[in-house]
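[1] just to be clear, the model below is a prediction. Sequence and coordinates:
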Amino acid sequence: QVQLVESGGGLVQAGGSLRLSCAASGGTFSDYNMGWFRQAPGKEREFVTGISRNAYMTYYSDSVKGRFTISRDNAKNTVYLQMNSLKPEDTASYYCAAKSGSWPGRFFTRHVDYWGQGTQVTVSS
């Protein structure tokens, strides 16, 4: 059983930056492709970005490409999401996700083996 704990959310003005972290425990971190999803009130959970087990491959949704960067440190069992040039439409709860097996490119919720509890990101205009 893998536990995922996100941190780093908060309130930021439009154009600002935040860095989210997701610490994993209870499993072999390098066995999992890692991703970030987000969910705004009244909307479905959507895929943001993912990174392969060895960090060789990444995938970004069009809405964040060029502004967000995903990275991971397998020695620290942690995946990061650097978010720059934030917009009010980025406001959501952000969830860390772990997927075992092959690299899927774009993640779907049905791919995910484990979820974090989420961290709130609010971008004011």
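    All right, it came through fine.

[2] tell me the spatial nearest neighbour of the most centrally placed residue in the chain, not counting adjacent residues.
    Closest residue to the average C-alpha location of the chain: Trp36 at 2.1 Å, with CA atoms, centre = their mean. Spatial nearest neighbour of Trp36, excluding adjacent residues (CB to CB, 6 or more residues apart in numbering): Val48 at 4.4 Å. Placement of C-beta: from N, CA and C, glycine included.

[3] next one: phi and psi at that neighbour?
    phi -110, psi -60 (degrees, to the nearest 10).

[4] mind checking how far the host helix or strand of Ser21 is from the chain centre?
    Element membership for Ser21 (DSSP states H and E) is strand 18-25. Remark: strand 18-25 is offset 8 Å from the chain centroid, using CA atoms, centre = their mean, to the nearest Å.

[5] so for His111, what's the pLDDT?
    What the model reports for His111 is a pLDDT of 86.

[6] from Tyr32, how far off is it?
    11 Å (CB to CB, to the nearest Å).

[7] just to revisit the earlier point, helix/strand/coil for the residue nearest to the centre of the chain?
    strand (DSSP: H, G, I helix; E, B strand; the rest coil).

[8] quick one: contacts for it?
    20, 22, 47-50, 70, 79, 81, 94-97 (CB atoms under 8 Å, 6 or more residues apart in numbering).

[9] pick the one among these closest to Pro104.
    Gly50 (7.4 Å; CB to CB).

[10] and the closest one, bridged to which residues?
    Gly35, Tyr59 (DSSP bridges).

[11] sorry, back to before: could you list the residues in contact with the strand holding Ser21?
    So strand 18-25 is contacted by 2-10, 12, 32, 34, 36, 76-83, 86, 94, 96, 98, 116, 119, 121 (CB under 8 Å, 6+ apart).
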